[in-house]
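Visitor: Next one to model:
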Amino acid sequence: MAIERFLPLRRFLRRPTPTPDEDFRSYLVRLGEANGYTDEATLGQFVNLVKRELGAAGGVERFASLIGLNAHELCELIGRTRVTSDGTNRPGQFARACFYRERYKAFCPACINETGVFKAVWNFRAVVICENYRL
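Guide: The predicted structure follows:
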């Protein structure tokens, strides 16, 4: 299912630039809000449609063209977010299990209020306080 069939625009009119330290999910929320997906249910549907599109053949390239990034930039942004394991033993699974937060997300409320961005580094268990605000 191509995302173009479900979203009203072939290219997003507003395409925020991802920050260098932004989590992919944070970018999706900002992209959705910038394009009118503001209530929780609609924004959730938008994020799920994008995730489904990215899993389809050629989805990364199609979605990258909709947001004004090239496929390499989009893959780098996606790589900042931990992908939930499906239980198979793949390279890197040990690192994901040991170093990424599982059941909760840590974040700095002051940074979120200031920038509206969830930093990818907050996914790591070793990060326990904000380097800017010491929260």
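Visitor: Worst mean pLDDT across the helices and strands of the protein, which element?
Guide: Using mean pLDDT, DSSP states H and E, helix 93-99 stands out as the lowest-scoring helix or strand of the chain, at a mean of 62.
Visitor: Only C-alpha atoms, please: export the following helix or strand past that helix in CSV.
Guide: Heading C-terminal from helix 93-99, the first helix or strand you meet, by DSSP states H and E, is helix 109-115. Extracted C-alpha coordinates of helix 109-115, given in CSV (Å, rounded to 0.1, in the frame of the first residue of the first chain):
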residue,chain,number,x,y,z
PRO,A,109,11.2,18.2,29.7
ALA,A,110,13.1,21.5,29.4
CYS,A,111,14.7,20.4,26.1
ILE,A,112,11.4,19.2,24.8
ASN,A,113,9.7,22.5,25.7
GLU,A,114,12.6,24.5,24.1
THR,A,115,13.1,22.6,20.9
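Visitor: Pull out the buried positions in helix 109-115.
Guide: Going by neighbour count (16 or more other Cβ atoms under 10 Å), the buried part of helix 109-115 is C111, T115. Yep, even glycine has a C-beta here, placed from its N, CA and C like the rest.
Visitor: from the chain's centre, how far out does that helix sit?
Guide: Averaging C-alpha positions (Cα atoms, centre = their mean, to the nearest Å) puts helix 109-115 17 Å from its chain's average.
Visitor: Now tell me what touches it from outside.
Guide: For helix 109-115, contacts defined as Cβ atoms under 8 Å, 6 or more residues apart in numbering pick out T19, V117, F118, K119, C130, N132, Y133, L135.
Visitor: Which pLDDT value goes with G79?
Guide: In this model, G79 is scored at 80, pLDDT.
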